[in-house]
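A.B. asks: Curious how this folds, go ahead:
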Amino acid sequence: MLFFVLWGLIRTFVAPRACYSQAKNTITRQICNIKKNVSYTFISHITDWYKANKRDLPWRNTQNPYHIWISEVILQQTRVVQGMEYYFRFTERFPTIKSLAEAPEDEVLKLWEGLGYYSRARNLHAAAQHIATHFGGEFPSQYKDILSLKGIGEYTAAAIASFAFNLPYAAVDGNVQRVLSRLFAIEEAIDSTEGKKILSSLAQEVMNKKQPALHNQAMMEFGALHCTPLNPLCLICPVQSHCLSFARGIVNKLPFKKREDDCEIPLFSLFGHPLQRENIGTQTDYRRHLEKSV
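C.D. replies: Down below sits the predicted model:
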């Protein structure tokens, strides 16, 4: 705890000045100003919350990058309950990258049937073949190589890199965007270039680089179950005293989106990856758990 306090003082009085003096544009200066309010102590509170409240999901009990990859891709547009069935089915039929790479595309698509968004299955198959050809059948262990795979973006690459290889890359999904937007009262639109840069920088700044896997899972699960889009549990929030939007009474106004006609920020996932529909059952169960513990 003493380390976090001392580091917080350094970040408050020393680093911001250096950061601001090196800023070359308005966006960078905005990031520097926000970093003045960074307090690393809230991370330990969210991690403790996660250990007590996390969902027991099978992909959290493995560091197999192939299985983690499959789970993340399945849940990109799928609810957890439905996705779990496909996860077991897919990993049972294709237990290795080699087995997936050698399978006919028609068989892969047939197994995917019912999930929709078939480009995900085609990308999985193509990426598995690329891994077999260029990486000797072994899933790449470096972030840049993971990011180069077809169908994998920055979030998925960071998730796999941290969960499987414990690399210090912040996985920033809709849940993390919401948590950080509220904690630091960030009013820049999360779908704007400025907003994305600020949130990405903050996520990396507050990351526990000694335990990136635990950190990323905790941040995303906290956003998925506690700091939700609607009716967040602010009154029993373990980081309430650190939350600037709570102090200012603007929690329900954040995060702000530039395009008002966009759909609500996704909520649930396997590791916290954004989905299209809210998992009402999981949220209800979580609230009941909290009520019983009071």
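A.B. asks: burial measure for residue 229, as a count.
C.D. replies: 16 (other C-beta atoms under 10 Å). Every C-beta, even on glycine, is put in place using the N, C-alpha and C of the backbone.
A.B. asks: low-confidence ranges in this protein?
C.D. replies: 1-40, 259-294 (pLDDT under 70).
A.B. asks: Go again with 90.
C.D. replies: The chain contains residues with pLDDT under 90 at 1-42, 61, 75-85, 113-118, 187-188, 191-194, 205, 256-294.
A.B. asks: So in it, which helix runs the longest?
C.D. replies: The residue-count maximum for a helix in the chain (DSSP state H) belongs to helix 119-134.
A.B. asks: can you pull the buried residues of it?
C.D. replies: Across helix 119-134, burial judged by 16 or more other C-beta atoms under 10 Å covers 120, 121, 122, 123, 124, 125, 127, 128, 129, 130, 131, 132.
A.B. asks: Go through those residues and say which is closest to residue 248.
C.D. replies: Among the buried residues of helix 119-134, residue 120 lies closest to residue 248 (C-beta to C-beta), at 39.8 Å.
A.B. asks: Contact partners for the closest one?
C.D. replies: Residue 120 is in contact with 73, 74, 76, 77, 112, 151, counting by C-beta atoms under 8 Å, 6 or more residues apart in numbering.
A.B. asks: Also residue 203?
C.D. replies: 170, 172, 176, 180, 219.
A.B. asks: Find the nearest non-adjacent residue to it, please.
C.D. replies: In space, and not counting its chain neighbours, residue 203 is closest to residue 170: 3.8 Å by C-beta to C-beta, 6 or more residues apart in numbering.
A.B. asks: before we move on, what SS does that neighbour have?
C.D. replies: Classification of residue 170 using DSSP: H, G, I helix; E, B strand; the rest coil returns coil.
A.B. asks: Any idea how many residues pack against it?
C.D. replies: Residue 170 has 25 neighbours, counted by other C-beta under 10 Å.
A.B. asks: Tell me how far residue 89 lies from residue 108.
C.D. replies: As defined by C-beta to C-beta, to the nearest Å, residue 89 lies at a distance of 12 Å from residue 108.
A.B. asks: if we can go back for a sec, with the contacts of residue 203 in mind, which one is nearest to residue 43?
C.D. replies: Comparing the contacts of residue 203 against residue 43 with C-beta to C-beta places residue 219 closest, at 8.4 Å.
A.B. asks: name the element that closest one belongs to?
C.D. replies: Assigned by DSSP states H and E, residue 219 falls within helix 212-225.
A.B. asks: buried residues in that helix?
C.D. replies: For helix 212-225, burial by neighbour count (16+ other C-beta under 10 Å) applies to 212-225.
A.B. asks: Remind me what that helix packs against, helices and strands.
C.D. replies: Applying 3 or more C-beta pairs under 8 Å, 6 or more residues apart in numbering; DSSP states H and E, one finds that helix 212-225 makes contact with helix 41-53, helix 154-165, helix 174-183, helix 280-293.
A.B. asks: Arrange these in CSV, one row each, with distance to residue 84 and mean neighbour count as further columns.
C.D. replies: Shown next, in CSV, are these (distance: least, C-beta to C-beta, whole Å; neighbours: other C-beta atoms under 10 Å):
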stretch, distance to residue 84, mean neighbour count
helix 41-53, 19, 16
helix 154-165, 17, 24
helix 174-183, 19, 25
helix 280-293, 12, 12
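A.B. asks: what ranges do the helices span in the stretch 1-150 of the chain?
C.D. replies: For the stretch 1-150 of the chain, the helices defined by DSSP state H, counting those that start in this stretch cover 2-13, 15-22, 26-35, 41-53, 65-74, 80-93, 97-102, 105-112, 119-134, 143-147.
A.B. asks: quick one: contacts for residue 114?
C.D. replies: residue 86.
A.B. asks: Next one: it from residue 89, what distance?
C.D. replies: Distance of residue 114 to residue 89, computed by C-beta to C-beta: 10 Å.
A.B. asks: check contacts around residue 222.
C.D. replies: 46, 49, 50, 175, 179.
A.B. asks: hmm, try it at 7 Å
C.D. replies: With contacts defined as C-beta atoms under 7 Å, 6 or more residues apart in numbering, residue 222 is in contact with 46, 49, 50, 179.
A.B. asks: one step back: out of the buried residues of helix 212-225, flag the one nearest to residue 102.
C.D. replies: For the buried residues of helix 212-225, the nearest to residue 102 is residue 213 (30.2 Å; C-beta to C-beta).
A.B. asks: Where does residue 238 fall, secondary structure wise?
C.D. replies: When elements are assigned from DSSP H and E, residue 238 belongs to no helix and no strand.
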